[in-house]
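K.L.:
Sequence plus the predicted model coming up.
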Amino acid sequence: MTPAVSFQKLSRHFGSVRAVDAVDLDIAPGEFFAMLGPSGSGKTTCLRLIAGFEQPTAGSISIFGERAEGVPPYRRNVNTVFQDYALFPHLNVLDNVAYGLMVKGVGKAERHKAAEEALSLVRLPGYGARRPGQLSGGQRQRVALARALVNQPKVLLLDEPLGALDLKLRENMQEELKSLQKALGITFVFVTHDQGEALSMADRVAVFNDGRIMQIGTPEDIYQRPRTRFVADFVGSSNVLPPDFVQRYSGQHRWGSLRPESIRVGRAASGEGVAARLVSTNYLGATTRLALDADGLKLHAVVPAGTALPEEGEAVVLTFNRESLHLMDEPA
Amino acid sequence: MRSDRSQSAPVSLKIAAACGLLFLHLPILLIFVYAFTTEEKSFVWPPPGLTTQWFAVTWNRPDVWEALSLSVRVAAISTAIALVLGTLCAAAVSRTKFFGRETISLLVILPIALPGIITGIALRSAFALADIPFSFWTIVLGHATFCVVVVYNNAVARFRRTSGSMIEASMDLGADGFQTFRHIVLPNIATALLAGGMLAFALSFDEVIVTTFTAGQQQTVPIWMLEELIRPRQRPVTNVVAMVVVLVTLLPILFAYYLTRDGDQIAGSGK
């Protein structure tokens, strides 16, 4: 099957800065794909390379099998939902949504009808006559989504689309985007720095750092089986264990990762395990997060709320199952 | 003027405000009154008699028509040049980062910061050096130097407030460069261009110093007026011209004010 988007050794350098550095990537048609990484990791540049706002320095990019280098944004069947929505302030909502059809020369009645349908799709029917300035942040986001979808793109690009929304709204939008993507079957490529968002929404996630992809996989892969220290730390802040420590428990001299929820914290007298000191406790509602110090190695544990806990500063013993200690590929 | 709306201001303040307004506008009224005076050699107060004959006299003076027509043509063409160059320059400076951007920004603004007399002398010697005879076009060039600045300043401020991703969004939705300019950029900067263009036109219309250095034998309205003041005959003709100029410039300003009153509502292509 032809991939929806395919990068071959794709690079984009700005002077000496390697924003995207020899990236290979295949995104399958109909996939909900997330590009996850800290700011400056190259994920947004990748999105802009697909949209056509950036041209590659080296390598090649194809969209549904067609080479896209040198093709301007307005000749790509790809649409973008911008981080700041980029609605046109001088046009009303209906004309904003119908803009893509208008520049393609679709007649007024027809494009307004299509725009109305797109507005219904994002649950904003009847908002056409308003100006973007009269809408709330969440509504603007939906308009931006409708404006992109009305063109029936083969690939929809979303640049941190939920970044500006408050928590409740963001959770609703996450579900809505997910079900919209399922219903339409369009390939969604989604850029975010929020690991929770990427894990909960995407079929597959690519973790970016320094212009390179650290790991591509399903959310479960990325979360349970990080391949490098960076992925373990960035996605869900796993405990990264040094090779010497890992060797004691697995016999292999490799970097390891241990999820905070896999660590059990007991009182010092309660038996064998890693001797540590409880540095601080941090109440998070459903869980409590513990900062621990095991002879200089800083660890975090997450325990359910209501667990009886030692005092801060007390000596504790840490235990965990061997299976939950994940050995990473990164060379020691 | 609307002080009755809330608490009334003290009487002394009202008088002071009235005096200020009178000081600003009485001299203009005085010019209007002198346009009707029967005394033609000097301005005497009160006017010895009132007449409308100067309107007919002015109408029949070819030098008035020449000066007016020259001024309007110079102002129109300088403004047109400024609109194109100023907008392009503003777009370049505000939308892209390139080596020497700040320098170019400063160099564009410099002509309006420089005293007109420097610009005038500089242009005059440059024209002389290049062996360009003084003509309509040398005046236009001289005026364009400061008209560009006015348009540039207005446009650059508007471009800064216009989100760059809007242009990308337009391209993303299938609009090429020309369509993006026509449907997105132009409606968003239209009021800024209107304001800049009107200011440029007004500046050009009453410019004296640079014109003196770049005009040959031709007279624009302000230069014609200066010459006229030296002549002891038919003085009220100057006042008639001044009155017409005030009326003619006031109307577009009122019109533009009316247009831009509703801020973002204007020039929408979605209507």
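P.N.:
Perfect, I can see it now.

K.L.:
Over to the closest residue to chain A within the stretch 1-150 of chain B. Which of the three states is it?
P.N.:
Closest contact between the stretch 1-150 of chain B and chain A, by CB to the nearest CB, is at B:K97 (10.8 Å). In short, each C-beta sits where N, CA and C put it, glycine included. Assigned state for B:K97: coil (three-state reduction, DSSP: H, G, I helix; E, B strand; the rest coil).

K.L.:
what stretches of chain A score poorly on pLDDT?
P.N.:
A:269-271, A:332 (pLDDT under 70).

K.L.:
Could you list the domains of it?
P.N.:
Following the assignment in automatic domain parsing, chain A carries domains at A:5-233, A:237-327.

K.L.:
would CSV of those domains with distance to B:P187 and mean neighbour count be doable?
P.N.:
Converted to CSV, these look like this (distance: least, CB to CB, whole Å; neighbours: other CB atoms under 10 Å in any protein chain shown):
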stretch, distance to B:P187, mean neighbour count
domain A:5-233, 5, 19
domain A:237-327, 47, 15
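
K.L.:
B:V151 is nearest to which of those?
P.N.:
In terms of CB to CB, the element of those nearest to B:V151 is domain A:5-233, at 20.1 Å.

K.L.:
Which strand or helix spans A:V20?
P.N.:
If you go by DSSP states H and E, A:V20 is part of strand A:17-27.

K.L.:
and the helix or strand that that strand is followed by, which strands flank it?
P.N.:
Downstream of strand A:17-27, the next assigned helix or strand under DSSP H and E is strand A:32-36. If you go by DSSP bridges, strand A:32-36 pairs up with strand A:187-192 (parallel), strand A:204-209 (parallel).

K.L.:
what's the closest of the ones you listed to A:R225?
P.N.:
Proximity to A:R225, assessed across these by CB to CB, is greatest for strand A:204-209 (12.2 Å).

K.L.:
List the neighbouring strands of the strand holding A:V20 plus their orientation.
P.N.:
For strand A:17-27, pairing defined by DSSP bridges yields strand A:5-14 (antiparallel).

K.L.:
tell me the contacts of residue 221?
P.N.:
Since no chain was named, I'll use chain A. A:Q215 (CB atoms under 8 Å, 6 or more residues apart in numbering or on different chains).

K.L.:
The chain in question should be chain B.
P.N.:
B:V221 touches B:67-68, B:70-71, B:205-206, B:241, B:245, counting by CB under 8 Å, 6+ apart.

K.L.:
got a winner among the residues you listed for most neighbours?
P.N.:
B:S71 (24 neighbours; other CB atoms under 10 Å in any protein chain shown).

K.L.:
That one: what secondary structure?
P.N.:
Note that with three-state DSSP, the state of B:S71 is helix.

K.L.:
pretty sure it contacts B:F205?
P.N.:
Yes: here B:S71 reaches B:F205: they are 5.6 Å apart, a contact under CB atoms under 8 Å.

K.L.:
Quick check: neighbours shared by the two?
P.N.:
B:221-222.

K.L.:
ok, back up a step: can I get the contacts of B:V221 in CSV with distance to chain A and pLDDT?
P.N.:
Listed next are the contacts of B:V221 as CSV, based on distance: CB to the nearest CB, whole Å; pLDDT from 0 to 100:
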residue, distance to chain A, pLDDT
B:A67, 41, 88
B:L68, 37, 88
B:L70, 38, 90
B:S71, 34, 90
B:F205, 31, 86
B:D206, 33, 82
B:V241, 40, 88
B:V245, 35, 84
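
K.L.:
Narrow those residues to those in helices?
P.N.:
Judged by DSSP state H, these include B:67-68, B:70-71, B:205, B:241, B:245 as members of helices.

K.L.:
Please report the distance of the nearest residue to B:A90 once chain neighbours are set aside from chain A.
P.N.:
Excluding the flanking residues, the one nearest B:A90 by CB to CB, 6 or more residues apart in numbering or on different chains is B:A155, at 3.6 Å. Distance of B:A155 to chain A, computed by CB to the nearest CB, to the nearest Å: 16 Å.
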